[in-house]
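Asks: Got a predicted structure here, sequence first:
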Amino acid sequence: MWFMSSAVLALSTSIILTASNGQADLKNLKENFNEELKIAKRYLCKELALRFYPESLLSGEEFQRMRTGYIPQKITRVIPFRKRPTKRTAEEYLNYAEQGLVTPVKNQKECGACYAFTALSVLGSAFLRKFGKTTDFSEQQGIDCTFSRYDVRMNRGCHGGHPYYVLLYAKTKQFVSQTNYRYHNRLQHCNIVEKAQTVSLRAGVVESDGSDEALMQILRKMGPVSVAISVGDSDFKHYGGGIITQCGTVPDHAVVLVGYRVSDDAEGSYWIIKNSWGTKWGENGFARIRMGACNISEDRPVAVILK
């Protein structure tokens, strides 16, 4: 991990590798250099860790296509929720991962299917909270079996989708384990046993006024939920630890919200999210995001309730 004082080293390494691998022409190399220089300057001024990943060499367009995959949709299935008045006088902290109620971090690799990983992580946490057992649902099944070229209410394989449609599918078809339906990092034909036992669940977007307080209350009541964030800004692309304070403006990536911290001290208040870029990214696959950044509270979260 390279911290603030090593940002320039990461910058020069990135440029050298880009050139030696022949992954960019002179124009792309110049664009990469300018982008990396801006990133290095930002990290030098923040309490953030900068880490160099193979994906750091991807262009912005390539990174969006391969490492994100959230497509906004107008979901009509709404789970009612009423925010209650809260008077907070002390620090508050919640982290479902530390409580053992979050499934292991996985890696979507070069497939824009964050929606499937997020949806099944939320479903897995619901199983842990209700039954106390770990499940390893197949993201490949979620990608293959919710795909449609023509139905706008379905997903687009490795070219994006929405977590709700994966959970909607789970209401009528049982998800098999990762062992029986392995991840192949690409869209395949849906291949499952037709007569499978289904699980009784309720899924939808949760009614919210878009405030941090409402989202905290939803998280406490319903457990980990899927939220949409914007990773268009390169803080996510090179994030190695610390608290993210700057993001893009358009939601393009689905992650799992697993906790938060509220405090008036120097570290401040932040969200804790679980990503789908493997355990080598960020803080063992997780990240902390400053409350008020990345538009986390603005889009209604996707939740699942087991009946």
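Replies: Thanks, I have it.

Asks: pLDDT of the longest strand anywhere in the chain, averaged?
Replies: What stands out as the longest strand in the chain, according to DSSP state E, is strand 253-262. The average pLDDT within strand 253-262 is 97.

Asks: which other helices and strands contact the helix or strand just after that strand?
Replies: Next along the chain after strand 253-262, taking DSSP states H and E as the criterion, comes strand 270-274. When contacts are defined as 3 or more Cβ pairs under 8 Å, 6 or more residues apart in numbering; DSSP states H and E, strand 270-274 packs onto strand 253-262, strand 286-290. Bear in mind the C-beta positions are built from the backbone N, C-alpha and C, glycine included.

Asks: so the first one versus strand 270-274, what angle?
Replies: It refers to strand 253-262. Between strand 253-262 and strand 270-274, the angle comes out at 140 degrees (axes from the mean of the first three to the mean of the last three Cα atoms, to 10 degrees).

Asks: And the strands in this structure?
Replies: 48-50, 78-79, 92-95, 201-206, 225-229, 239-244, 253-262, 270-274, 286-290, 302-306.

Asks: Now do the fifth one: distance to the chain's middle.
Replies: A distance of 7 Å separates the C-alpha centroid of strand 225-229 from that of its chain, computed with Cα atoms, centre = their mean, to the nearest Å.

Asks: Repeat that for the first one.
Replies: Mean-position distance between strand 48-50 and its chain equals 19 Å (Cα atoms, centre = their mean).

Asks: average model confidence for that strand?
Replies: Strand 48-50 shows a mean pLDDT of 79.

Asks: same question, the second one
Replies: Averaging pLDDT along strand 78-79 gives 94.

Asks: And the fifth one, by the same measure?
Replies: What strand 225-229 shows for mean pLDDT is 96.

Asks: ok, the longest strand of the chain: who's next to it in the sheet?
Replies: strand 92-95 (antiparallel), strand 225-229 (antiparallel), strand 270-274 (antiparallel) (DSSP bridges).

Asks: Give me the contacts around the last one.
Replies: When contacts are taken as Cβ atoms under 8 Å, 6 or more residues apart in numbering, the neighbours of strand 270-274 outside the stretch itself are 95, 97, 102, 105, 121, 224, 227, 229, 243, 255-261, 285-291, 296.

Asks: and the angle for that strand with strand 239-244?
Replies: 150 degrees.

Asks: CA-only coordinates of strand 270-274 in CSV, if you can.
Replies: Output of strand 270-274 as CSV, limited to C-alpha atoms (Å, rounded to 0.1, in the frame of the first residue of the first chain):
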residue,chain,number,x,y,z
TYR,A,270,-18.9,8.0,7.4
TRP,A,271,-20.6,5.0,5.7
ILE,A,272,-19.1,1.6,5.4
ILE,A,273,-19.6,-0.2,2.1
LYS,A,274,-18.8,-3.6,0.8
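
Asks: So Val166 sits against Ala116, correct?
Replies: Yes - assessed by Cβ atoms under 8 Å, Val166 is found in contact with Ala116 at 5.4 Å.

Asks: Mutual contacts of those two, please.
Replies: Counting by Cβ under 8 Å, 6+ apart, the residues touching both Val166 and Ala116 are Gly142, Thr146, Asn155.

Asks: is the last one in a bridge, and if so with what?
Replies: Spelled out, that is Asn155. Phe147.

Asks: Just the local confidence number for it, please.
Replies: Reported pLDDT for Asn155: 95.

Asks: Could you do the one 10 residues further on as well?
Replies: Note for Tyr165: predicted pLDDT of 95.

Asks: Could you pull up the contacting residues of the residue nearest to it when sequence neighbours are not counted?
Replies: Spatial nearest neighbour of Tyr165, chain neighbours left out: Thr146 (5.0 Å); criterion: Cβ to Cβ, 6 or more residues apart in numbering. By Cβ under 8 Å, 6+ apart, the residues touching Thr146 are Ala116, Met154, Asn155, Gly161, Tyr165, Val166, Tyr169.
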